[in-house]
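J.: A predicted structure for the sequence below; I have some questions about it.
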Amino acid sequence: GGVATLDPAKVNGKIVVCDRGTIGFANKAQAVKDAGGIAVVFVNVPSGSTEIGPPPSTVVPALKVLVASRDAIRAYAGPSNASATMSINVVFNTPAPYTASFSSRGPSNAAQGNILKPDIMAPGVDVIAAVAPTIDNAGESFASYQGTSMATPHIAGIAALFKQVYPKWSPMMIKSAMMTTAYDVLDGPSTNPLVVFRQGAGFVNPTAALDPGLVFDSSYTDWAGFMCGQYIVPSSYCTSQRIPVIDPVNMNEASIAVGTLAGSQTVTRRVTNVSTRPTTYTASLSGLDGYTVKVSPPKLAVPAGQTKTFTVTITANGGGVVTVNPYSAGQLTWSDGKHNVRMPIVVNPVMFAAPPEVNGTAYNVKFGYTGPFSVALQGPVSGAKQSTTIATNDVKWFTVTVPEGSPFVRFETFAEEFPVGADVDMYVFDPSNHQVGSSTGPTAGESVSVPNPAPGTWSVAIIGYNIPTKTPAPLNLYSWVVPNGQSSFATVKAPTSAKTGTQGSVTVTLTGRAAAGKYIGFATYGGASGVGGSTAIKFTK
């Protein structure tokens, strides 16, 4: 907000009491100074922030105080003869680090929970640091900052120092070194999933990170394979570049996360010895109660500069599935007596796991129970195409009718149908004109999927963010409105029973009567109590 105007006759030479609100601390303090005030007390309000202490970057001394003190302070400040002094006595006797109340927590929804976030923690509460002397920083060269604005530059600065010491190390090697040498916050034991989802690998320890012993590295090919597996990049690119698809649980991170552990899961990692001597590491585990964990091999003899692979197999004892705080956590540590290379593990047991989306007509599902199993196939259906043209900054609208009972609808544009370098964005609105999805990636390949869509007329807006041609480019919007029921020209093959810890193959086949086109089917699952979920099946005939 802007800077308010206060009455100098009332404010000059005074400490001003101010309720916290939506206008920033710096702006309020500036208003106090402009009116001749000498300090400001920001009092928290009911249902508002609970933070106390000095706010960041104010032009006059300022202090945030508890909401419990609000009424007493305001009552005392009311009489004209009220007097006060302000001083801050900083006592460094509080144990640290703890996770800040405003810090983001996992688990991450990305990659179906198979990537652990956060990775690591860094200082981020009331940190005094150099800043740009902008109006937000009251023209000062130093300020007290907190949140991502402080934690991120700490990690980035440590990484920059790493590049001075180890100029040939990749970013992922540096990230791994920081993660495996981090130490625990004081929120609780690091075998508690709630703690792991706060700290990730722990609190950064730069000195220890300089000598990690082993690192988990990953290359462009690894991350491209991960993105291909998550359909973040067009499948045509993955195929043309012969990029092997990587299951997110096998992404070579210095952590392990299994978002859907159906009975048992084997995870693969590789480590590189960055020390100057050959070393043998022994694995040990803490936490993950209720699971059997097998590390293979249990000892790793790694020559200097060489890379070795190991697997971790996690099995839910008895195949049972918990329903309250389902995640479990632990720590796997590789030790050679000098280095302790620690990686956090989080797992979420389920009765059944299926991919939310696949490219191709055959895929695997995982069973965390023993009993009957069934697949219900809706569709598949060929995509309907609507065509027009689009230029930079154009907005083109399309409508698609969704009948009652349709279990799934998808809208998509394909990057390969646009000029090289084109970028469009997609926004999808339901029949009530509520935006229910968007896709705003850096290419012209965008898609939005909606399970159980409301019946009626849906609207899709395509925005030409960048069309690098002098004339408008062709724009094709494809839509798949999957019917409630299996298409007459499709068959589905799947197991009729499940066994804990095993996988089953589901295959969808089109008969010769199906025309050429881009198809999507929608599979749902049943057979036992607790089995559910769905898979969108994309393929081209």
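T.: Looks like it arrived, so ask away.
J.: all contacts plus neighbour counts: C-alpha atoms, from now on.
T.: Noted.
J.: per-residue pLDDT, the residue lying farthest from the centre of the chain?
T.: Going by Cα atoms, centre = their mean, the residue of the chain most distant from its centre is N81, 54.5 Å out. What the model reports as pLDDT for N81 is 79.
J.: any idea how far it lies from K14?
T.: N81 is 11 Å from K14, where distance means Cα to Cα, to the nearest Å.
J.: separation between the residue farthest from the centre of the chain and S218?
T.: Distance from N81 to S218, by Cα to Cα: 68 Å.
J.: ditto for I537
T.: 29 Å.
J.: in the stretch 351-500 of the chain, what spans have low per-residue confidence?
T.: Along the stretch 351-500 of the chain, segments meeting pLDDT under 70 are nowhere present.
J.: now do the helices in it.
T.: For the stretch 351-500 of the chain, no helices are identified by DSSP state H, counting those that start in this stretch.
J.: low-scoring stretches of the stretch 151-300 of the chain, by residue?
T.: In the stretch 151-300 of the chain, residues with pLDDT under 70: 234.
J.: how about the strands in it?
T.: 214-215, 256-261, 264-273, 279-287, 291-296, 299-302 (DSSP state E, counting those that start in this stretch).
J.: can I get these in TSV with distance to P483 and mean neighbour count?
T.: Compiled in TSV, the strands of the stretch 151-300 of the chain are given as follows (distance: least, Cα to Cα, whole Å; neighbours: other Cα atoms under 10 Å):
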stretch	distance to P483	mean neighbour count
strand 214-215	50	28
strand 256-261	28	25
strand 264-273	34	19
strand 279-287	47	17
strand 291-296	42	16
strand 299-302	53	18
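J.: ok, which of the ones you listed comes nearest Y231?
T.: The closest of the strands of the stretch 151-300 of the chain to Y231 is strand 256-261. By Cα to Cα, the value is 17.9 Å.
J.: so what strands line up beside the closest one?
T.: Sheet pairing for strand 256-261, assigned by DSSP bridges, gives strand 340-349 (parallel).
J.: between strand 291-296 and the strand it pairs with, find me the angle.
T.: On the basis of axes from the mean of the first three to the mean of the last three Cα atoms, to 10 degrees, strand 340-349 is oriented at 130 degrees to strand 291-296.
J.: residue contacts, Y427?
T.: 435, 437-439, 460-462 (Cα atoms under 8 Å, 6 or more residues apart in numbering).
J.: distance between the ends of stretch 84-103?
T.: One end of stretch 84-103 sits 35 Å from the other (Cα to Cα).
J.: return the set of buried residues in it.
T.: 97-99 (16 or more other Cα atoms under 10 Å).
J.: chain neighbours aside, what residue packs nearest to K499?
T.: Once flanking residues are discounted, K499 sits nearest to T370: 4.2 Å by Cα to Cα, 6 or more residues apart in numbering.
J.: so the one you found is in contact with T502, correct?
T.: No: contact status for T370 versus T502: not in contact, 9.5 Å apart, counting by Cα atoms under 8 Å.
J.: most neighbours out of the contacts of Y427, which is it?
T.: I462 (25 neighbours; other Cα atoms under 10 Å).
J.: right, and it touches W397 too?
T.: Yes: between I462 and W397 a contact is recorded at 6.4 Å, counting by Cα under 8 Å.
J.: mind listing the shared neighbours of those two?
T.: By Cα under 8 Å, 6+ apart, no residue touches both I462 and W397.
J.: longest helix in the protein, by residue count?
T.: The helix that spans the most residues within the chain, counting by DSSP state H, is helix 148-165.
J.: now do it: which elements does it pack against?
T.: helix 171-180 (3 or more Cα pairs under 8 Å, 6 or more residues apart in numbering; DSSP states H and E).
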